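Colleague: When you get a sec, could you give me coordinates for this:
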Amino acid sequence: MNYQDLVCRRIAEVPPSGIRKFFDIVSEMKDAISLGVGEPDFTTPWRICDAAIYSLRQGHTHYTSNWGLIELRRAIADYQERRFHVAYNPANEVLVTVGASEGIDLALRALIEPGDEVLAPDPTYVSYKPGIVFSGGRCVTLATRAEDQFRLLPDTLKRAITPKTKALILPYPNNPTGGVMSRADLMAIADVLRPTNIIVIADEIYAELTYGEQPHTSFAALPGMWARTITLNGFSKAFAMTGWRMGYACGPRELMDVMVKIHQYTMLCAPTAGQFAALEALQAGAETDYEDVKMMTRAYDRRRRIVVDAFNRMGLACFEPLGAFYAFPSIQTTGLTSQEFCKRLLAVQKVAAVPGDAFGELGEGHIRVSYATATDKLIEAMRRIEAFVVKG
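Modeller: You can find the predicted model right below:
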């Protein structure tokens, strides 16, 4: 059979993830250090694991509501209001998803008709453009640059809007750059959007991971923006729960009703034991003022300084990330492309980083390094990268 004539062409033409390719290679290399995958090296706190185990022992092994456990939805609504000053009705404005990644897919499929345009920053997370293509839409990239701290500028947004623009993906703190948007920055974006009907998909999975004195501002908290915003978040990054695949989407009931319809025909519900674990994460967090999250953030902050200082010292100009747990240094002085740099670094020094072009055309000339790994490994990895830069 000629399978090329049978599979969906627009999906077949999407390239494999540039992140996973290097992860798969390094997993088979002895003594290699991976700085590629955005995953905390912290294990899930035992109290959270114990809640999941206890739920199994209590016989909670059945489907939940398509929306998710009502207790968890109430906890999510409380968390969003407590931490980010956004109010949601847990009954029909909060949907528990299989990671924030499912939330991205649901939001796009709920909104996009064939030919619709979706705006997304460049460079940015690898899943957005494929998700837009899968939903039948067209991705229109919005240039962000190191000299602007990788923020989305209002003039850039304004120039990209057309009658076909349906949605804007707003992913801050940003993966891969570590850029953040202040309240003033977001207000300028809101001013551009007010005269339009554009929906904002605000991916705020790194909302807890910001450095310095400036806390995260949720886009839905801005005046007039709640009604046009789908907020995505989850437990993978801040709560060290990547493998649990627990996320959620919040937004106006009219939009969430469509998203849950897709969810109920595909996923049915998020894993039940994972929902009990997520509930414990939020309840324990509220009791301790999120001390586990703050502890991990302080550790990332220390590692951030090690990595940024090392890159700048070896002559690879590195923007100082103010959120998430990635550094995005420029490697242009080496004369190598992002792909060449990462392939040779892995072969010569056994350090895995992600080529910047995996995150969009403007990512070329950069690499992404995750500093969500142990400090001793980071120091050794920086030593190896410097040796590679010096010796080639």
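Colleague: residues in contact with Leu142?
Modeller: Neighbour list for Leu142: 119-122, 152, 156-157, 160 [criterion: C-beta atoms under 8 Å, 6 or more residues apart in numbering]. Using the backbone N, CA and C atoms, a C-beta is placed for each residue, glycine as well.
Colleague: What is the neighbour count of Val126?
Modeller: 22 (other C-beta atoms under 10 Å).
Colleague: before we move on, back to that, just send the contacts of Leu142 back as JSON lines, with distance to Val7, secondary structure and pLDDT too.
Modeller: Below are the contacts of Leu142 laid out as JSON lines (distance: C-beta to C-beta, whole Å; DSSP: H, G, I helix; E, B strand; the rest coil; pLDDT from 0 to 100):
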{"residue": "Leu119", "distance to Val7": "28", "secondary structure": "strand", "pLDDT": "98"}
{"residue": "Ala120", "distance to Val7": "25", "secondary structure": "strand", "pLDDT": "98"}
{"residue": "Pro121", "distance to Val7": "30", "secondary structure": "strand", "pLDDT": "98"}
{"residue": "Asp122", "distance to Val7": "28", "secondary structure": "strand", "pLDDT": "98"}
{"residue": "Leu152", "distance to Val7": "35", "secondary structure": "coil", "pLDDT": "98"}
{"residue": "Thr156", "distance to Val7": "36", "secondary structure": "helix", "pLDDT": "98"}
{"residue": "Leu157", "distance to Val7": "35", "secondary structure": "helix", "pLDDT": "98"}
{"residue": "Ala160", "distance to Val7": "31", "secondary structure": "helix", "pLDDT": "98"}
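Colleague: Same list (those residues) but as a markdown table, adding distance to Tyr172 and neighbour count.
Modeller: Below are the contacts of Leu142 laid out as a markdown table (distance: C-beta to C-beta, whole Å; neighbours: other C-beta atoms under 10 Å):
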| residue | distance to Tyr172 | neighbour count |
| --- | --- | --- |
| Leu119 | 14 | 24 |
| Ala120 | 12 | 25 |
| Pro121 | 9 | 27 |
| Asp122 | 14 | 19 |
| Leu152 | 8 | 27 |
| Thr156 | 14 | 19 |
| Leu157 | 13 | 21 |
| Ala160 | 17 | 17 |
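Colleague: for the residues you listed, which one is nearest Arg82?
Modeller: Comparing these against Arg82 with C-beta to C-beta places Leu152 closest, at 27.0 Å.
Colleague: which residues touch the closest one?
Modeller: 121, 142, 144, 170, 172, 181, 185, 189.
Colleague: Restricted to helices, list these.
Modeller: With DSSP state H as the criterion, helices contain 185, 189 from among the contacts of Leu152.
Colleague: ok, and the most crowded of the contacts of Leu152?
Modeller: Taking other C-beta under 10 Å as the neighbour criterion, Tyr172 ranks highest of those with 31 neighbours.
Colleague: surely that residue meets Gly323?
Modeller: Yes - counting by C-beta atoms under 8 Å, Gly323 is a contact partner of Tyr172 at 7.1 Å.
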